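Asker: Predicted structure and sequence below. I'll ask about it afterward.
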Amino acid sequence: MIDIKFLRENPDVVKENIKKKFQDHKLPLVDEVIELDSKNRQAKLNGDNLRAERKSLSNQIGSLMKAGKKNEAEAIKSQVQEINNKLEENEKLEATYAEEIKTRMMRIPNIMHESVPIGKDDSENVEIKKYGEPVVPDYEIPYHGEIMESIGGLDLDSARRVAGQGFYYLVGDLARLHSAVLTYARDFMINKGFTYCVPPFMIRSDVVTGVMSFEEMDAMMYKIEGEDLYLIGTSEHSMIGKFKDQILKKEDMPYTMTSYSPCFRKEKGAHGIEERGVYRIHQFEKQEMIVICEPEDSYKWYDKMWSYSVELFRSMDIPVRTLECCSGDLADLKAKSLDVEAWSPRQQKYFEVCSCSNLTDAQSRRLGIRIKGDNGNYYAHTLNNTVVAPPRMLIALIENNYNPDGSITIPEVLRPYMGGLEKIEVK
RNA sequence: GCUAAGGUGGUGGAGCGGUUUAACACACCAGUCUCGAAAACUGGAGCAGAUAAAUUUUGUCUGUCGUGGGUUCAAAUCCCACCCUUAGCGCCA
């Protein structure tokens, strides 16, 4: 959500931003908000005046009653009653305007950073840089699901019987590798000075609507029946929600945290659940990084955060590239976003393993995350990025470390977490 | 989950229908005093919105005592629902 004052004063900037995102159907929202906002302020002024009048008359009644002047008090009571009738109508107006403005404001996208490349969808995202040699081996690499099954590490059939499509059993060394990657990533971030945190895996609806758009919510979130609770789609949700309605101290900034959680996603729509493997699934585990910082520092952190992901993947010898999200593919709350993609030697292309985003003040405005300033409070900036999200990242790991005999070499940095194991052999 | 007591500013804590414009204390900031500090004294301070003048400060109004409704001329105060805290019981890794 953007600042309504900013919209009031810079409607053209807001419209230009909408155009750059190829969301022309949202253009009318801007003028609608401006008109509703002016009506709303009128109604608010009117209401405030009525309430002021009532307050003073009510006080008069109080003193008259004390003085025993009952008749005079009764006369004023009827006056107040009249004001109340007017107020009731006016309050309905105020509530209607406020609601109408809010639903529109929620749909107006965050102002993007000027450096965001213009493009209409993910096909126009821009490659920034490659790290490591994208090797194409001279032997065939099987589909990742097959490799995982061949080393006895994946059981999709049982998962389908137990939970359905989109779930998995990880078994044996692969399951251990899964944990090893998470633990290694956790320690990697702790060594970067981030604070490790295990958050709630369910959150209330008011937190959900604070951290994501309505469309995202519908497509992603699982709701607990009979409760005001949702399973988190990422620990970002509970980590940002942690700061809801808080006024933070300047000297505590920035908050740099790395959180672990399982993530639950419906994956309704566009891409859907993948049948044969673990690329797109309903449940996965993720180590995340979260930063809450001063507005002027957010792009500095943005650059640090994605470079940590690159460094982590390179330390496991996985070739990656950075891909900047273009305007049309950028989610409405984000001001700038970049994917780190890992190399798939089987498909001979890169695929998304991390997503780094600067939401500037869009989330913090929705949730009321502020910093106490010398001259008034202001909204903090929030950022998030994937550290690592197995099982998806295991696809990159096993493909890039696949040997002709079907075995998987374990990257050296992970061996301490695997009891010194160097290779996973075919079963 | 049940029972009981609670939720008031930065903190403690009063108020339990009408000068509450939230007492009082502590902490905080500014001023006076002082070479400086402490003490003492004086004053000021939350958050959100609207509005006027000015030009970045000042004034006026509204809302805000866990959240949302209700009763009333008037709600921190009474009623209802929810959330949370503490204690006891129950259950459980």
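Answerer: Looks like it arrived, so ask away. Residues are numbered from 1 along each chain as shown, chains lettered A, B, ... in the order given.
Asker: need the contact list for whichever residue of the stretch 251-400 of chain A sits closest to RNA strand B.
Answerer: Closest to RNA strand B within the stretch 251-400 of chain A is A:Asn377: 4.3 Å, counting by CB to the nearest atom of the strand. Backbone N, C-alpha and C define where each C-beta goes, glycine included. Contact partners of A:Asn377, counting by CB atoms under 8 Å, 6 or more residues apart in numbering, are A:247, A:370-371.
Asker: what's the answer for A:Pro295, then?
Answerer: Going by CB under 8 Å, 6+ apart, A:Pro295 touches A:360-361, A:378-381.
Asker: Could you measure from the residue of the stretch 251-400 of chain A closest to RNA strand B over to A:Lys249?
Answerer: Going from A:Asn377 to A:Lys249 by CB to CB, to the nearest Å gives 11 Å.
Asker: shared neighbours of these two, which are they?
Answerer: With CB under 8 Å, 6+ apart as the test, A:Asn377 and A:Lys249 both reach A:Ile371.
Asker: Before we move on, what's the pLDDT of A:Leu36?
Answerer: Predicted confidence (pLDDT) at A:Leu36: the value is 95.
Asker: Remind me which helix or strand it belongs to.
Answerer: Per DSSP states H and E, A:Leu36 falls inside helix A:27-66.
Asker: Okay, now the unreliable bits of the stretch 101-250 of chain A?
Answerer: Nowhere does the stretch 101-250 of chain A drop to pLDDT under 70.
Asker: Quick one: neighbours of the residue in it positioned nearest to RNA strand B, just the number.
Answerer: Closest contact between the stretch 101-250 of chain A and RNA strand B, by CB to the nearest atom of the strand, is at A:Ile247 (6.5 Å). By other CB atoms under 10 Å, the residues close to A:Ile247 number 13.
Asker: Same question for A:Glu94.
Answerer: 19.
Asker: got it, and A:Glu114?
Answerer: The tally of other residues near A:Glu114 (other CB under 10 Å) stands at 7.
Asker: Relative to A:Tyr299, how far out is it?
Answerer: Distance check for A:Glu114 against A:Tyr299: by CB to CB, it reads 11 Å.
Asker: for the contacts of A:Asn377, which one is nearest A:Ile318?
Answerer: A:Ile371 (37.3 Å; CB to CB).
Asker: For that closest one, give me the pLDDT.
Answerer: If you check A:Ile371, the pLDDT there is 88.
Asker: Got phi/psi on it?
Answerer: Per-residue torsions, A:Ile371: phi -120, psi 140 (degrees, to the nearest 10).
Asker: Can you spell out which residues form a bridge with it?
Answerer: Here A:Ile371 sits in beta bridges with A:Leu248, A:Tyr378, going by DSSP bridges.
Asker: so what's it up against?
Answerer: Residues in contact with A:Ile371 (CB under 8 Å, 6+ apart) are A:247-250, A:253, A:294, A:377-380.
Asker: one more time with 6 Å, if that's ok
Answerer: By CB atoms under 6 Å, 6 or more residues apart in numbering, the contact set of A:Ile371 is A:248, A:378, A:380.
Asker: go on, A:Trp306?
Answerer: Counted by CB under 6 Å, 6+ apart, A:Trp306 has contacts A:338, A:356.
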